[in-house]
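A.B. asks: Structure for the following, please:
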Amino acid sequence: MSAVLVAVRVPASPEDTFDAFTDDIGLWWRPSALFQLTPRGDGTLSFENRERLITTLANGKVFEIGRVTAWERGARLAFTWRQATFTPDQITSVEVTFQAVGEDTRVTVTHRGWDTIPQEHVARHGFPLQATQGHLANAWREGLAALAARLTPR
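C.D. replies: Take a look at the predicted model:
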């Protein structure tokens, strides 16, 4: 299974970075026009009870993006990921690791499973797998840059 791998270094401890990733995802998340979670946009993301990742749309509707499969504060977070246009059997997975590097933390996102989503699917926009993964990597880079900005002292 192929994967998208993106990493960023942030000026915070692994625990603080994990907390910002999970508690503040609704503040740092950057929607991507290519990878909208629902046809109505991304809404506001949040982790609910350490069990699932959801988005709440402007009209109050909640869409479950995925289920949390690992929650290890300061070390590792994993969850399934699906867009509203996916069929029930189309699920990708995200793993986020938090590794201390001196006084900083390296946050690494690995997003797997896009090779199981057909090229003709609306979520892939007809792109071959490598292009889809390149666009997805850019979307994660933007999000992680926003996370890093939240953790950077002013």
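
A.B. asks: contact partners of the longest helix seen in the chain?
C.D. replies: Criterion DSSP state H: the longest helix present in the chain is helix 129-151. Under the contact criterion CB atoms under 8 Å, 6 or more residues apart in numbering, helix 129-151 has outside partners 2, 4-12, 16-17, 20-21, 24, 27-30, 32, 34-35, 107, 109, 111, 114-115, 117, 119, 124-125, 127. C-beta here means a position set from N, CA and C on the backbone, and glycine is covered the same way.

A.B. asks: 7 Å instead?
C.D. replies: 2, 4, 6, 8, 10-12, 16-17, 20-21, 24, 27-30, 32, 34-35, 107, 109, 111, 114-115, 124, 127 (CB atoms under 7 Å, 6 or more residues apart in numbering).

A.B. asks: Quick one: mark the members of those that sit in helices.
C.D. replies: Using DSSP H, the contacts of helix 129-151 in helices are Asp16, Thr17, Ala20, Phe21, Leu27, Trp28.

A.B. asks: on that earlier part again, so for the longest helix of the chain, what gets flagged as buried?
C.D. replies: By 16 or more other CB atoms under 10 Å, the buried positions in helix 129-151 come out as 132-133, 135-136, 139-144, 147-148, 151.
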